[in-house]
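Novice: Sequence plus predicted model, see below.
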Amino acid sequence: MTNDFTFRISTTRFDEDYSPSSSSRGTTNFANLARGEDRRQNLRNALTMIDNRFNDLAHWDNPTGDRYTVDTDIVSVDLRFPADDGETVFPLIEMLDTHIVDTLTGRRIDGIVGNNFSSYVRDYDFSVLLPEHKARQTGLDVPDDFGELHGRLFRHFLESDAYRERFSLPPVICISVSSSKTYRRIGNRHPILGVEYRQDEPSLTDRYFDRMGLRVRYFMPRGAVAPLAFYFRGDLLGDYSDLALIGLISTMETFQKIYRPEIYNANAAAAELYRPSLENRDYSVTQVSYDREERSRLALTQGRFTEENFVKPHGAALERWAFSHAV
């Protein structure tokens with residue numbers, strides 16, 4: 001295997017006509033919404049939630065609350081490398097790329113790439129490798145190199161010509177806070193991101209994203225009821241425009257309200273000292289169907305797929321590549 005993988009980027013519009021491709025992870029938020037008899041209404045409701053939240057946050061010069069719409073593309077990244085039987089292509093990651101349409105001026109404004117993050121290799125790490133490690137009772141919570149290969153592949157992608165030719169800024173990934181940690185509100189307040197929280201200690205997810213070269217900060221935007229976790233490289237508060245940050249918040253807060261309503265659609269906002277709980281019963285449901293049980297089942301299925309089609313047949317070559325790209 002050569003030391004230099006190549007990447008191919010393709011995009012799919014995320015709208016009410018969206019259907020998941022055969023290589024999309026079934027557990028990813030946008031794919032889960034796009035199945036079943038009510039798929040079109042499901043998608044339409046989610047897109048309306050995104051636009052409404054965007055206009056709520058971008059309220060200046062927007063008296064009727066409908067000036068902006070958010071266009072979203074699914075960014076699919078294939079990893080390509082030579083193997084004994086010819087070139088191998090593996091679906092590495094999927095993210096979202098947002099653009100904001102100003103209906104008043106007709107401008108189309110760049111948003112942020114990243115948002116949601118989907119990865120078959122992460123499914124393998126968390127749903128196959130980690131449970132097997134714990135079953136061996138080694139005394140260590142995680143393997144020493146947990147997430148190392150995935151992290152190096154991700155960093156390699158961000159440094160690739162494929163990424164740099166298409167995107168001018170690093171990605172920002174926005175996900176739920178951890179229900180096993182406690183968050184404390186601090187005095188810092190950003191005009192768009194809102195009030196900042198700090199965590200009592202890093203979570204396993206934090207450490208995993210750190211291997212990907214991403215730091216984390218936690219903010220609760222105006223009108224939200226719980227902080228979001230923002231994973232980034234560079235300057236989260238300085239590198240991105242206000243409208244780009246609003247696009248990120250409105251998109252991912254919508255997904256979290258649908259996926260984790262106990263936290264993000266709760267009827268009471270997070271206090272100064274906050275411990276998220278999926279056992280909370282005081283919350284509202286959205287008009288969007290989401291199959292969380294299917295999501296849990298498919299995570300293991302996708303992890304096994306990665307093991308059989310990526311890790312096992314190419315493990316030795318991947319280890320050599322990872323060693324040659326040690327940071």
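Specialist: Thanks, I have the structure now. Numbering: from 1, shown residues only.
Novice: Show me the helices in the protein, by range?
Specialist: 29-33, 39-57, 120-124, 130-135, 148-158, 161-166, 204-211, 242-259, 261-264, 292-306, 312-324 (DSSP state H).
Novice: got the CA positions of the fourth one in CSV?
Specialist: Read that as helix 130-135. Extracted C-alpha coordinates of helix 130-135, given in CSV (Å, rounded to 0.1, in the frame of the first residue of the first chain):
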residue,chain,number,x,y,z
LEU,A,130,-14.2,-1.5,22.4
PRO,A,131,-16.7,-4.2,23.6
GLU,A,132,-14.2,-7.0,22.7
HIS,A,133,-11.5,-5.1,24.6
LYS,A,134,-13.7,-4.8,27.7
ALA,A,135,-14.7,-8.4,27.5
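Novice: buried stuff in that helix?
Specialist: For helix 130-135, a neighbour-count test (16 or more other Cβ atoms under 10 Å) marks Leu130, His133 as buried. Using the backbone N, CA and C atoms, a C-beta is placed for each residue, glycine as well.
Novice: Show residues contacting it.
Specialist: Leu140, Val142, Pro143, Phe146 (Cβ atoms under 8 Å, 6 or more residues apart in numbering).
Novice: Skipping its backbone neighbours, what lies nearest Asp51 in space?
Specialist: Thr69 (5.2 Å; Cβ to Cβ, 6 or more residues apart in numbering).
Novice: go on, Ala58?
Specialist: Here the residue nearest Ala58, using Cβ to Cβ, 6+ apart, is Ile246, at 5.2 Å.
Novice: give me every residue that touches that neighbour.
Specialist: Phe54, Leu57, Ala58, Ile100, Ile192.
Novice: ok, and the most crowded of these?
Specialist: Ranked by neighbour count (other Cβ atoms under 10 Å), the contacts of Ile246 have Phe54 at the top, with 25 neighbours.
Novice: per-residue pLDDT, the closest residue in space to it that isn't next to it in sequence?
Specialist: Spatial nearest neighbour of Phe54, excluding adjacent residues (Cβ to Cβ, 6+ apart): Ser250 at 4.0 Å. We have a pLDDT of 98 for Ser250.
Novice: And His59, by the same measure?
Specialist: pLDDT, read off for His59, is 97.
Novice: Could you check how far the nearest residue to it once chain neighbours are set aside is from Tyr264?
Specialist: In space, and not counting its chain neighbours, His59 is closest to Gly65: 7.3 Å by Cβ to Cβ, 6+ apart. Gly65 sits 21 Å away from Tyr264, going by Cβ to Cβ, to the nearest Å.
Novice: on that earlier part again, which one of the helices of the chain lies closest to Phe219?
Specialist: Among the helices of the chain, the nearest to Phe219 by Cβ to Cβ is helix 242-259 (8.6 Å).
Novice: what angle separates that closest one from helix 39-57?
Specialist: Orientation of helix 242-259 against helix 39-57 (axes from the mean of the first three to the mean of the last three Cα atoms, to 10 degrees) gives an angle of 130 degrees.
Novice: just to revisit the earlier point, which member of the contacts of Ile246 is positioned nearest His156?
Specialist: Nearest to His156 out of the contacts of Ile246 is Ile100 (Cβ to Cβ; 29.8 Å).
Novice: Correct me if wrong: the closest one contacts Gly247.
Specialist: Yes: Ile100 lies in contact with Gly247 (Cβ atoms under 8 Å); the separation is 5.4 Å.
Novice: quick one: common contacting residues for the two?
Specialist: By Cβ under 8 Å, 6+ apart, the residues touching both Ile100 and Gly247 are Phe54, Val70, Gly111.
Novice: would CSV of these with distance to Leu129 and pLDDT be doable?
Specialist: As requested, the shared contacts of Ile100 and Gly247 are arranged in CSV below (distance: Cβ to Cβ, whole Å; pLDDT from 0 to 100):
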residue, distance to Leu129, pLDDT
Phe54, 38, 98
Val70, 36, 98
Gly111, 34, 97
